[in-house]
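Asker: Give the three-dimensional model of this entry:
(2 chains)
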Protein chains: 2
Amino acid sequence: MDMPEMMPPTFQDMLDAHTRIKPYVHQTPVLTSSFLNDLTGAQLFFKCENLQKAAAFKVRGASNAVFGLSEDQARLGVATHSSGNHALSLSYAAGRRGIACHVVMPHTAPQAKKDAVIGYGGQITECEPSTTSREAVFAQVQVKTGADFVHPYNDPRVIAGQGTCAHELLAQTGGLDAVIAPIGGGGMISGTCLTLSTLAPETAVFAAEPDQADDAARSLRAGHIIADDAPVTVADGLKVPLKDLTWHFVSTHVQDILTVSEQEIIDAMRLIWARMKLVVEPSSAVTLAAILKHKDIFAGKRVGVILTGGNVDLDRLPWMTS
Amino acid sequence: MDMPEMMPPTFQDMLDAHTRIKPYVHQTPVLTSSFLNDLTGAQLFFKCENLQKAAAFKVRGASNAVFGLSEDQARLGVATHSSGNHALSLSYAAGRRGIACHVVMPHTAPQAKKDAVIGYGGQITECEPSTTSREAVFAQVQVKTGADFVHPYNDPRVIAGQGTCAHELLAQTGGLDAVIAPIGGGGMISGTCLTLSTLAPETAVFAAEPDQADDAARSLRAGHIIADDAPVTVADGLKVPLKDLTWHFVSTHVQDILTVSEQEIIDAMRLIWARMKLVVEPSSAVTLAAILKHKDIFAGKRVGVILTGGNVDLDRLPWMTS
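Answerer: This is a model prediction of the structure:
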């Protein structure tokens, strides 16, 4: 197997990240539901990153990157291209350190997303909705500002930060047979593998993914990264492809990647809202959908389920618009 | 002032209730929101009873009543008339003890509410949607079954149980300047007064109520119970009047009752969903609405806010239908 270009983060990097970010992130609660335990036959422990700062686990990795910068680096700020939770989270973390955060975002992005980034103090530079334009505009922003690029997931600092979630989850539950998390670019799954492979190698790591954006599942079967061109799914946080660093963790530590249909995602999302009284985004619901679809894998087991985020348009709920 | 017919519960009753119900209820988390702190100028501690068993604080009082019954009493079951969270909660508690729960409910109640009661193991007897019919049918059920009547709020066992919520809240926060809770029949407010008047007499107790169901606020001003006939409000848990036991606590310990408009309730409910990622019912949002309307009272203070429940129709959200 090829080694990634950057060195993967170590377990010690994750521990350092946890110490570094603790003042800026919540230790989110772990909630349980007798109803969902009965329904699945498993004992589920939901790690509520939807109740995290900026309503997403991404604030862990973003905070680790931002607060790990030297004073000289920090003075120039940070930059990223994202229209999702990473942009919010990096803006939040930069705001807490009092440094600039530059976000390159297509001008076609929903105004609500732009407003949210601005609300956290991020500075938006708009590009055309194409990879070429985004990369060109981002390069200009970096040259002009000297800001440090914090990739949404293919960055060892980000992966080490995301690994703090499983670190808390283990301590809060006292041990698990399995952990399942959604997979998009693979940042959360990589952080989970990083932490569990050292701390609880007996705990199996599963990923869940939409059928309609199943590039990670196909990559795992093929033995190399397959990137989809423009997948369409209600789980809009899971459209991005694996990169070398996350592929390193996925290919070596993930037990299996389970895929689910759009309707299964929407049904599971509604179940979480209705029974757990939690606002979660569609990307967060692929895990419960996968457990419901593959009860045989999880029955009788203690399973950690990472609810990754809660940023959703309350005027357009998928069970109303679908 | 007249003494109530029943003896009010004591602080020791609340402590006993807490020991009794602990195996059957969650210690719900207390969550905070920097955004809402900034918006209100106060430091808010949200006690998340929407994440409670049966998604409502009412399971505390119901469990205290059910698990306090002697074996002989328990054999005959419990009964109540309610179409709301008390019916769900009593059904849940009776189910945990393995005894019958009889619920008298108008045949016009929404099927979803009937299904929820049945889902928790309650047995429904339908009546006409009038007080006369409800009382006649309920009397028949009691005679036939010998079940113990557990009133939704005017019952010392229920009030002692609700008081366990403020007991936890104080321990979880380490002291508060004020606590605010919604007021309907006054069970939660009475339990809160019961606990805080002994444990933290310096903590002011505020209640919040819809303008359109402001019978408790008018009662407090008049110095006697005023019962509205049939108030109409989106906060459907808050339509019922005070009774002698709850009036005892409200009239002696509540600092003030603040009222808010329907639109203010809906706006506050949406804010909690959008910023805290919690599903709460309209009745739970009157407190934040009151804090936003009366910032002068709460600014600079540490305020406990009791989010009372999360049972809401996900197909009919008030910001979509209003």
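Asker: contacting residues for A:T80?
Answerer: Contacts were defined as CB atoms under 8 Å, 6 or more residues apart in numbering or on different chains; by that measure A:T80 touches A:86-87, A:90, A:101-104, A:149-152. For the C-beta atoms, the positions are set from N, CA and C on the backbone; glycine is no exception.
Asker: For the residues you listed, which single residue is the most surrounded?
Answerer: A:L90 (31 neighbours; other CB atoms under 10 Å in any protein chain shown).
Asker: Which helix or strand lies directly C-terminal to the helix or strand containing that residue?
Answerer: Under DSSP states H and E, the secondary-structure element containing A:L90 is helix A:85-97. Using DSSP H and E, the helix or strand that directly follows helix A:85-97 along the chain is strand A:101-106.
Asker: so what does that next one touch, helix or strand wise?
Answerer: Packing contacts for strand A:101-106, counted by 3 or more CB pairs under 8 Å, 6 or more residues apart in numbering or on different chains; DSSP states H and E, involve strand A:78-81, helix A:85-97, helix A:111-119, strand A:123-127, helix A:131-145.
Asker: By mean pLDDT, show me the worst of these.
Answerer: Of all these, the segment with the smallest mean pLDDT is helix A:111-119, scoring a mean of 89.
Asker: and it, what does it pack onto?
Answerer: So helix A:111-119, by 3+ CB pairs under 8 Å, 6+ apart, packs with helix A:85-97, strand A:101-106, strand A:123-127.
Asker: Which helix or strand lies directly C-terminal to the helix or strand containing A:T246?
Answerer: Assigning secondary structure by DSSP H and E places A:T246 in helix A:244-253. Towards the C-terminus, the helix or strand next in line after helix A:244-253, according to DSSP H and E, is strand A:254-260.
Asker: for the helices and strands packed on helix A:111-119, which one ends up most surrounded?
Answerer: Between the helices and strands packed on helix A:111-119, helix A:85-97 has the highest mean count of neighbours, a mean of 27, where neighbours are mean count of other CB atoms under 10 Å in any protein chain shown.
Asker: three-state assignment of the residue lying closest to A:T173 once chain neighbours are set aside?
Answerer: By the measure of CB to CB, 6 or more residues apart in numbering or on different chains, the closest residue to A:T173 outside its immediate chain neighbours is A:F45, 4.9 Å from it. The assignment at A:F45 comes out as strand when based on DSSP: H, G, I helix; E, B strand; the rest coil.
Asker: picking up where we left off before, rebuild the helices and strands packed on helix A:111-119 as a markdown table, extending it with distance to A:S251.
Answerer: Formatted as a markdown table, the entries for the helices and strands packed on helix A:111-119 read as follows, by distance: least, CB to CB, whole Å:
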| stretch | distance to A:S251 |
| --- | --- |
| helix A:85-97 | 23 |
| strand A:101-106 | 30 |
| strand A:123-127 | 32 |
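Asker: can you pull the buried residues of stretch A:297-311?
Answerer: A:297-298, A:301-311 (16 or more other CB atoms under 10 Å in any protein chain shown).
Asker: Return the member of these nearest to chain B.
Answerer: A:G310 (3.5 Å; CB to the nearest CB).
Asker: dump the residue contacts of that closest one.
Answerer: Contacts of A:G310 by CB under 8 Å, 6+ apart are A:50-51, A:55-56, A:278-281, A:284, B:277.
Asker: start to end distance for stretch A:293-310?
Answerer: Using CA to CA, to the nearest Å, the span of stretch A:293-310 from its first residue to its last is 23 Å.
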